[in-house]
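1. turn this into a structure:
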Amino acid sequence: MDRKPLSKIEIDAALKTLDGWAASSTELTKKWKFKDFAQALDFVNKVGVLAEAADHHPDIKLGWGYVEIGLTTHDRGGVTDVDLDLAAEIGRISPP
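-> Model prediction:
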C-alpha cells in the first residue's frame, strides 16, 4: 500500500462503496447506534482486532449506545488507501 494522501475525487469515488461513511478533507467518519453500552463496546473490540491486524489505528469515541470512528493516516496528513481498506473491513462487521 502506498499510503499516499488521496485526492477529494478519489475519496468521493471510494465513498460510493462505503456505506454510511462521510469524509472531510483529512478524515473518514462514521457513527453507529447500539441498544446499550455492552453492544457498543463489543463492536469497538471487534474493530480493535481489525485495526491491530492492519497496523492502522482509528480514533474511536465510545459511549452509551454509540460508537464514532475517525480514520486518517496521521503521518500522511489525510485519507489514504489504508483508511479506505480499514473502513471496508469495519463495514463487513458492522451491525445491520
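2. so which residue is dead centre in this protein?
-> Geometric centre of the chain, nearest residue: Ala87, 4.2 Å, by CA atoms, centre = their mean.
3. what about it, distance to Leu50?
-> Between Ala87 and Leu50 the computed distance is 10 Å (CB to CB, to the nearest Å). No exception for glycine: its C-beta is placed from N, CA and C like everyone else's.
4. before we move on, back to that, what's the distance between the residue nearest to the centre of the chain and Glu27?
-> Separation of Ala87 from Glu27 (CB to CB) stands at 11 Å.
5. find residues that contact each of these two.
-> Shared contacts of Ala87 and Glu27 (CB atoms under 8 Å, 6 or more residues apart in numbering): Leu71.
6. end-to-end on stretch 11-29?
-> One end of stretch 11-29 to the other measures 12 Å (CA to CA, to the nearest Å).
7. what about the strands in this protein?
-> 22-23, 28-33, 59-63, 66-71 (DSSP state E).
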